[in-house]
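Novice: here is a sequence together with a model predicted from it:
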Amino acid sequence: MDPVAATTFPISGLLLAGSVAALAASLWLLLPKTSDTANSRRLGFLLGTAALIGFAATGRSLGCVGEDAVFLTVAGIAVISGLATIVTRSPVYSAIWFAMALAGVSGVLLVLGAQFLGVATIVVYAGAILVMFLFVLMLAQPSGMAPYDRVSNEPMLAAAAGAVLLGLLTLSIGRLSAAEPPSCCRMPSRAQGMAAAAPAEGAASEDDGSIAPATAGVESVDADEVAHLGAELFGRHLFAVEVAGVLLLVALVGSIAVVSRGEATETDHRRESR
Amino acid sequence: MNLLPSAATLAALVKIGLLVGGLMTAAAYLVLLERWIAAWVQDRRGPNRVGIPLTKIRLFGLGQPLADGLKIILKEDFTPSGVDRVLYNAAPLVILAASLAIFAAIPFGSVLPPLGIPGLPDPVPFLVAPGLDVGVLWVFALSSIAVYGVLLGGWASNNKYGFLGGLRSSAQLVAYEIPLGLGLLGVVLAAGSLRLDTIMNVQAESGVWYAFAQPLGFIVFMVASFAEAARLPFDLPEAEQELVGGYHTEYSGIKLLLFLVAEFLHMITAAFLIVILFLGGWHLWGVTGSSQEIGWIQALLRFGILSGKILGVIVFFMLVRWSWPRFRFDQLMNLAWKVMLPLGLLNLVTVATVEEFRPQLVAALGPGFAGAVAIALPWIACLAGWLVAGVFTPSGTDNTPILTHDPLDIERELAEHERLERSPHIVSPTELAGSR
């Protein structure tokens, strides 16, 4: 444990370590393996629930969980669907859980006031890419694992790495929040609500001095968020946008070249036979 | 804690109630209208008997939707064996929820005159979510979510016809989303906003509907929205004659009703978008002003004009259904990728050029003449695009039968095979490996 965090949050540090361990164990139990039993999955579910509650409790003691019911709902959907995506056996269900996770993420972005990003997530990922995934999954009707899946399938390492990464992220957010309490968890919509409804909230650790600039910043962005984003993308980041566009174009041309190599002989056949 | 909802929340709830009620009623009566138009086109009488229940009053058959609805709700809700139950039950809900949620961002009128209710910002717009800055994208996102309903419904019902319908549908919807987006982008560029109410206001202020300023965009968007709504020239996902209904083959009772209502909602959405984006929304020259401060008569008039235009577009949709045969699948894809996509790009480039140089045009020619040039250029582009598309039509779009030989003619097949083996044009695998 990091000494700074441990001294600042002695209980939450322990809680965090416990949650990480429980999450790793539950993920290992839940991830598709050859040695699966119903009991091990049940235990995995229990541990996973405990780990999620643990993480939520850590967040609360770090002062990072808002009271906003909408935010909690969409964030919960995102997290639980994300977990379900990796532990579900059926690929089709996996894809649908992934779509749910994207919907949750998009909801989080909408709550944060990033309307364009929120809706674009749905349009690009859920609307186009994932539909293609589903399309292929349904056509292929895969059963069991392909050889390359068996090689790369390491449930224990993956579970441990994922859980530790999550724990470190939580820890670093906690340290950020220890340095300047409100900024880590202050969501724009909540900040605006707070500014309107005065200090009705009982979160005593937050001082008003840091709320005011945050609110002002949010409003200046919110006034014309899409135009602002567009100006930023095609002004300061124009080169990156263009390069990304060219990269996609090259990929497109490449894929067509790969496909048409196989098909050229086909059309030749037909032309010959006429 | 104050448990009473605020005035703004109440206003939103009232709007949602009105909109959902209105849409459901409209969908029911549009079915009747569609059957009447079908009867008129085919020289029949159509449904004209069901009137007020338990009386002998017929009312031109206006009771038909009620009877149809009752019948389909009371039918047995049969679930075939071997279906994936969770997805089978979820699919109709997904598609209906997505089709209804689209209307959160679609304005269904202009604004109400100030009501003076405390806590409610005046004037009240005819729009459920007036704070949404990305209205057009919201519509786009949710219509792409509706694809899930079709795809999952077809897959989960464990039926070849249903599955084929679902696959066709997802390919078609994904392909036509691109021309749809290109047609839309032209309007967004010209209006400078992603909000549908702002787009209507801009058209009302200038008096030039985008159908006149961007004819090519209008055509591309119209064709693509026919495909997105899966109406007849593009109804391959359902194709009663070949797929017995496509993705909802196995559905019955109220679940089938949900699918059918969602389909009608898609058509209504398409009509709303065509009217709002290209036909001026609530604006009509000399009848409605362009001001945001209006009285009750003006507000109702605008609502009426918008509804009338939408009804007109829907009648057009229904007439097209009986005027065009269904496309073949390769024709569908050729039309999307080889005709509509380039035309949409052409429109976008033209509009972008006009908008970029509009200030210079106004400075050089004066506002009136510059406006005329700004309209004339897209028309020239439209004509040129139409000519090029007509001359270089992709071969897949014609209906000339492809000559194929009888697959049962074994001798010919063998001769053909032998001839191909000797043909120098075909590269054998060993040669291919050698050349690498």
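Specialist: Received the coordinates, thanks. What you see is a predicted model, and the numbers here were worked out from it, not measured in a lab. Numbers count the residues shown, from 1 in each chain, chains lettered A, B, ... in the order given.
Novice: now residue B:277: closest residue in space, sequence neighbours ignored.
Specialist: residue B:187 (4.8 Å; Cβ to Cβ, 6 or more residues apart in numbering or on different chains). Every residue, glycine included, has its C-beta placed from N, CA and C.
Novice: OK, contacts around the one you found?
Specialist: Contacts for residue B:187 (Cβ atoms under 8 Å, 6 or more residues apart in numbering or on different chains) come out as B:199, B:210, B:214, B:217, B:277, B:278.
Novice: counting neighbours, what do you get for residue B:300?
Specialist: By other Cβ atoms under 10 Å in any protein chain shown, 14 other residues sit near residue B:300.
Novice: what helix or strand is it on?
Specialist: helix B:296-321 (DSSP states H and E).
Novice: next SSE after that helix?
Specialist: With DSSP H and E setting the assignment, the helix or strand that follows helix B:296-321 is helix B:329-334.
Novice: right, is that following helix up against chain A?
Specialist: No - Helix B:329-334 is not in contact with chain A by Cβ under 8 Å from any Cβ of the partner chain; minimum separation 13.4 Å.
Novice: report the buried residues of that helix.
Specialist: Across helix B:329-334, burial judged by 16 or more other Cβ atoms under 10 Å in any protein chain shown covers B:331, B:332, B:333, B:334.
Novice: tell me what it is packed against?
Specialist: Helix B:329-334 sits against helix B:160-191, with contacts defined as 3 or more Cβ pairs under 8 Å, 6 or more residues apart in numbering or on different chains; DSSP states H and E.
Novice: burial count for residue A:156?
Specialist: 13.
Novice: what distance do you get for it to chain B?
Specialist: 30 Å (Cβ to the nearest Cβ, to the nearest Å).
Novice: so that residue makes contact with residue A:27?
Specialist: No - with contact defined as Cβ atoms under 8 Å, residue A:156 does not reach residue A:27; the gap is 9.2 Å.
Novice: tell me the one among the buried residues of helix B:329-334 nearest to chain A.
Specialist: Nearest to chain A among the buried residues of helix B:329-334: residue B:333, at 13.9 Å, using Cβ to the nearest Cβ.
Novice: distance of whatever residue of the stretch 101-250 of chain A ends up closest to chain B from residue B:187?
Specialist: In the stretch 101-250 of chain A, the residue that lies nearest chain B is residue A:127 (2.8 Å; Cβ to the nearest Cβ). Distance, residue A:127 to residue B:187, using Cβ to Cβ, to the nearest Å: 20 Å.
Novice: what parts of the stretch 101-250 of chain B come near chain A?
Specialist: Residues of the stretch 101-250 of chain B lying near chain A (Cβ under 8 Å from any Cβ): B:132-134, B:137-138, B:140-142, B:144-145, B:147-148, B:151-152, B:155, B:163, B:166-167, B:170-171, B:174, B:177, B:194.
Novice: which among those end up buried?
Specialist: B:132-134, B:137-138, B:140-142, B:144-145, B:147-148, B:151-152, B:155, B:163, B:166-167, B:170-171, B:174, B:177, B:194.
Novice: below-threshold pLDDT in the chain: ranges please.
Specialist: Unless you meant another one, I'm taking chain A. Filtered on pLDDT under 70, chain A yields the residue ranges A:1-12, A:33-36, A:58-68, A:141-152, A:176-224, A:262-274.
Novice: try chain B instead
Specialist: In chain B, residues with pLDDT under 70: B:1-5, B:116, B:118-119, B:121-122, B:394-408, B:422-436.
Novice: in the stretch 101-250 of chain B, what residue comes closest to chain A?
Specialist: For the stretch 101-250 of chain B, Cβ to the nearest Cβ, closest residue to chain A: residue B:144, 2.8 Å.
Novice: check the gap between that residue and residue A:93 for me.
Specialist: Distance from residue B:144 to residue A:93, by Cβ to Cβ: 20 Å.
Novice: also residue A:25?
Specialist: 23 Å.
Novice: with neighbour numbers in mind, choose between those two.
Specialist: Neighbours were counted for residue A:25 and for residue A:93 using other Cβ under 10 Å; residue A:25 has more, 20 against 16.
Novice: host element of the more buried one?
Specialist: helix A:10-30.
Novice: helices or strands up against the helix or strand just after that helix?
Specialist: Sequence order places helix A:38-61 as the next helix or strand after helix A:10-30, per DSSP H and E. In terms of contacts (3+ Cβ pairs under 8 Å, 6+ apart), helix A:38-61 is packed against helix A:10-30, helix A:69-87, helix A:155-179.
Novice: deepest-packed of the ones you listed, please.
Specialist: helix A:10-30 (a mean of 20; mean count of other Cβ atoms under 10 Å in any protein chain shown).
Novice: and the direction of it versus that of helix A:38-61, what angle?
Specialist: 150 degrees (axes from the mean of the first three to the mean of the last three Cα atoms, to 10 degrees).
Novice: helices or strands up against helix A:10-30?
Specialist: By 3+ Cβ pairs under 8 Å, 6+ apart, helix A:10-30 packs against helix A:38-61, helix A:69-87, helix A:155-179.
Novice: closest to residue B:107 out of these?
Specialist: For residue B:107, the closest of the helices and strands packed on helix A:10-30 is helix A:69-87, at 24.1 Å, according to Cβ to Cβ.
Novice: what's whatever helix or strand comes next after the closest one in contact with?
Specialist: Counting by DSSP H and E, the next helix or strand C-terminal to helix A:69-87 is helix A:91-111. Residues from elsewhere that reach helix A:91-111, judged by Cβ under 8 Å, 6+ apart: A:68, A:70-71, A:73-79, A:81-82, A:84-86, A:88, A:115, A:117-119, A:121-122, A:125-126, A:130, A:133-134, A:137-138, A:142, A:187, A:189, B:87, B:148, B:152, B:155.
Novice: report the buried residues of the following helix or strand past helix A:91-111.
Specialist: Following helix A:91-111 in sequence order, the next helix or strand is helix A:115-121 (DSSP H and E). By 16+ other Cβ under 10 Å, the buried positions in helix A:115-121 come out as A:115, A:116, A:117, A:118, A:119, A:120, A:121.
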